[in-house]
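Asker: no sequence for this one, just the structure:
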């Protein structure tokens, strides 16, 4: 069964999806197919979001099931290592991934493409990825949401 709930965040509604065992999606906006039913994975996600929007690092990650290519999954796993209150650039992620894969170079644009396909916003912290020179670039839900999420973590970037 697919569980779909809406969480009311300070930045607007978030649609949460779960297969019953793990969180499979988290995105800004409402979903017309909300089931209204919950499961342990969604309950744990709501607790995570309550702590996060309270201004603290949650200290745990709800169970996740991220569907995507092996490359995208590698990028998303790397995003999970970026700590609350810190940022990383697309170029830094690309260099890190190249080292892990044992290749001489990785495209920051390719990494950016994978970051942009992240199915679980906020928890898989794609908002913590910024452009070179501390520029606030790229966020599927809009740069205003990215700026607000970073500010919640004590990071203030105004360069576009």
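Answerer: Perfect, I can see it now. Being a predicted model, the structure only gives us computed values, none of them experimental.
Asker: residues in contact with the one helix or strand residue 111 maps to?
Answerer: Using DSSP states H and E, residue 111 falls within helix 108-116. Applying Cβ atoms under 8 Å, 6 or more residues apart in numbering, the contact partners of helix 108-116 are 68, 71-72, 74-76, 79, 89-91, 93-94, 97, 126, 129, 138, 140. From N, CA and C alone the C-beta is placed, and that goes for glycine too.
Asker: Also stretch 40-51?
Answerer: By Cβ under 8 Å, 6+ apart, the list of residues contacting stretch 40-51 from outside reads 3, 5, 7, 9, 14, 16, 18-23, 26, 38, 57-63, 122-123.
Asker: I'd like to know which of those are buried.
Answerer: 3, 5, 9, 14, 16, 18-19, 22-23, 26, 58, 62, 122-123 (16 or more other Cβ atoms under 10 Å).
Asker: quick one: contacts for residue 106?
Answerer: 94-95, 97-98.
Asker: Try it again at 6 Å.
Answerer: Residues near residue 106 by Cβ atoms under 6 Å, 6 or more residues apart in numbering: 94, 97-98.
Asker: Helices - which of those residues land there?
Answerer: Judged by DSSP state H, those include 94, 97-98 as members of helices.
Asker: Leaving out sequence neighbours, find the closest residue to the residue lying farthest from the centre of the chain.
Answerer: What lies farthest from the middle of the chain is residue 104; by Cα atoms, centre = their mean that is 27.1 Å. Nearest residue to residue 104, sequence neighbours excluded (Cβ to Cβ, 6 or more residues apart in numbering): residue 98, at 6.8 Å.
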